[in-house]
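Engineer: How does the following fold in three dimensions:
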Amino acid sequence: MQRFSLIAASLAVLTFSGACARFRVQELKPSRLFSIPLLSAFPHLAKPDETEARPLNLTGISVLPAVQDNRLYLPDVSAGRVRVFSGGGEKPDWIIADKLGADDADLIRIKPGAPGIIAADEEDHVFVQVFEAAADEKAEPDLPPERRQTEKLNASMFASVPSRIVHIQDGAAVGSFGQDGKDTAPFERILQMQAHEGVLYVFHETQGKRLLSVYQKDTLIKKYENFNIADLNPYKFTLDIESISPVQNGVLVSATLRDKTTFTPADRRVYSWDGTNAALIHTIDDENDQFLSGTLDGGFILANAEEGSRLLLKIYSPAGEYLNNRRIILPDFRTGWREVQIDMTGRVLMARIQQGQFEMYEWK
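Structural biologist: Residues are numbered from 1 along each chain as shown. Below you'll find the model as predicted:
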């Protein structure tokens, strides 16, 4: 009996220790990667009469910078270009655009347009979403590149314009493609891009349906589309796909079941999906939790905006087990910070504009 009691007590302690581990919080520390003068990042801000665009805050267009090794790829929609800064440099080393304009840097020439989301991997592959202006809205479209006035493009003209993806490698544009690969129709609406080991994952929307397309060497190699739940009652609920995130051997789908009459959320779920079979691995109970990203091992991260300037990252296993927490405590006001980015290697990045500088931080 005594031996049984000791075993039972030991199991109870192990169970309690496991439960406590879930609520342990590791506080992540910020490390500033880049601090660039705002007028070097967005020179048009020096001209008060130009009000077409604001840095990284454009209605109707998702604009997202990318970090690769010691380089920052920073899109400027108003100027129709991406400026590439290295290390602690305050001036761009490269410009990704159709012409240099006033920038003193090396040119990576692409067709004129407005940059949106940028994704970069650890192998020198960079992918830039480019919105192309409609033919009748381009400034002098038939003139040679050195005479085009892309810096005068109004960012709002791109809000409903399809886009293509430009592939940059080793300091040069090596390809461009649409939603089905090279020489195909452009993307209707790109929601997110992630890159890893030369492969690009694009979460996008076409004809009202959301899907994830996978590209390698600018060629479409796989599509995850037509996600559905076998036990969904179509008379009672509609299925709203919030995110499709690539993981090992498939994807994770964050979906909301909405009441068909009121459209209010009835259930929020995370599924593992191989493109054919979907398995429910987690139900999101806290209305403040937002699906942030999958992890390469098949797990995922939920973000919860706590009171004040704190953000809690909840870490889950591939089976949906709640493992632990990581907390970001933002210096100064939350409103000065952009949304948190997590790349496919697990780096946690956030940007802010502070005292005339554009700053990019890594939290670890």
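Engineer: Pull the residues that contact the strand or helix carrying residue 212.
Structural biologist: Here residue 212 sits within strand 209-216, counting by DSSP states H and E. Outside of strand 209-216, the residues that reach it under the criterion CB atoms under 8 Å, 6 or more residues apart in numbering are 165, 177, 179, 181, 191, 198-205, 220-227, 241, 244, 246, 251. All C-beta atoms are positioned from the backbone trio N, CA, C, and that covers glycine.
Engineer: okay, the angle between the next helix-or-strand element following it and strand 209-216?
Structural biologist: Heading C-terminal from strand 209-216, the first helix or strand you meet, by DSSP H and E, is strand 219-224. Angle between the axes of strand 219-224 and strand 209-216 is 140 degrees (criterion: axes from the mean of the first three to the mean of the last three CA atoms, to 10 degrees).
Engineer: so what secondary structure elements neighbour the host helix or strand of residue 67?
Structural biologist: Taking DSSP H and E as the definition, residue 67 sits inside strand 66-68. Strand 66-68 is packed against strand 71-76, strand 114-120, with contacts defined by 3 or more CB pairs under 8 Å, 6 or more residues apart in numbering; DSSP states H and E.
Engineer: Turn those into CSV, including distance to residue 36.
Structural biologist: Formatted as CSV, the helices and strands packed on strand 66-68 follow (distance: least, CB to CB, whole Å):
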stretch, distance to residue 36
strand 71-76, 7
strand 114-120, 15
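Engineer: just the helices in the protein please.
Structural biologist: 2-22, 38-41 (DSSP state H).
Engineer: Mind listing the residues bridging to the residue nearest the centre of the chain?
Structural biologist: Centroid-nearest residue in the chain: residue 192, 4.8 Å away (criterion: CA atoms, centre = their mean). Per DSSP bridges, residues listed as beta-bridge partners of residue 192: residue 203.
Engineer: among the helices of the chain, which gets the worst mean confidence?
Structural biologist: Sorting the helices of the chain by mean pLDDT places helix 2-22 lowest, at a mean of 47.
Engineer: can you list the weak-confidence ranges in the stretch 251-364 of the chain?
Structural biologist: Across the stretch 251-364 of the chain, no stretch falls below the confidence threshold (pLDDT under 70).
Engineer: And the strands in it?
Structural biologist: When assigned using DSSP state E, counting those that start in this stretch, the strands of the stretch 251-364 of the chain occupy the ranges 265-273, 278-283, 289-294, 300-305, 310-316, 322-329, 341-342, 348-354, 357-363.
Engineer: cool, and the stretch 51-200 of the chain?
Structural biologist: Taking DSSP E, counting those that start in this stretch as the criterion, the stretch 51-200 of the chain carries its strands at 66-68, 71-76, 81-86, 94-97, 106-109, 114-120, 125-131, 163-169, 172-177, 189-196, 199-206.
Engineer: Which strands border the second one, and is each parallel or antiparallel?
Structural biologist: Based on DSSP bridges, the strands next to strand 71-76 in the sheet, each with its direction, are strand 66-68 (antiparallel), strand 81-86 (antiparallel).
Engineer: What residues sit buried inside the first one?
Structural biologist: Put plainly, it is strand 66-68. Residues of strand 66-68 classed as buried under the neighbour-count rule (16 or more other CB atoms under 10 Å) are 66, 67, 68.
Engineer: ok, the second one to residue 336 distance?
Structural biologist: Looking back up the chat, that one is residue 67. 19 Å (CB to CB, to the nearest Å).
Engineer: cool, the last one as well?
Structural biologist: Using CB to CB, residue 68 is found at 24 Å from residue 336.
Engineer: can you tell me which of the strands of the stretch 251-364 of the chain comes nearest to residue 27?
Structural biologist: strand 322-329 (5.1 Å; CB to CB).
Engineer: Buried residues of the closest one, list them for me.
Structural biologist: Within strand 322-329, the residues that qualify as buried are 325, 326, 328, counting by 16+ other CB under 10 Å.
Engineer: shouldn't residue 306 be in contact with residue 312?
Structural biologist: Yes: contact criterion CB atoms under 8 Å: residue 306 and residue 312 qualify, at 5.4 Å.
Engineer: Where does the prediction get shaky in the stretch 51-200 of the chain?
Structural biologist: For the stretch 51-200 of the chain, residues meeting the criterion pLDDT under 70 lie at 51-63, 133-160.
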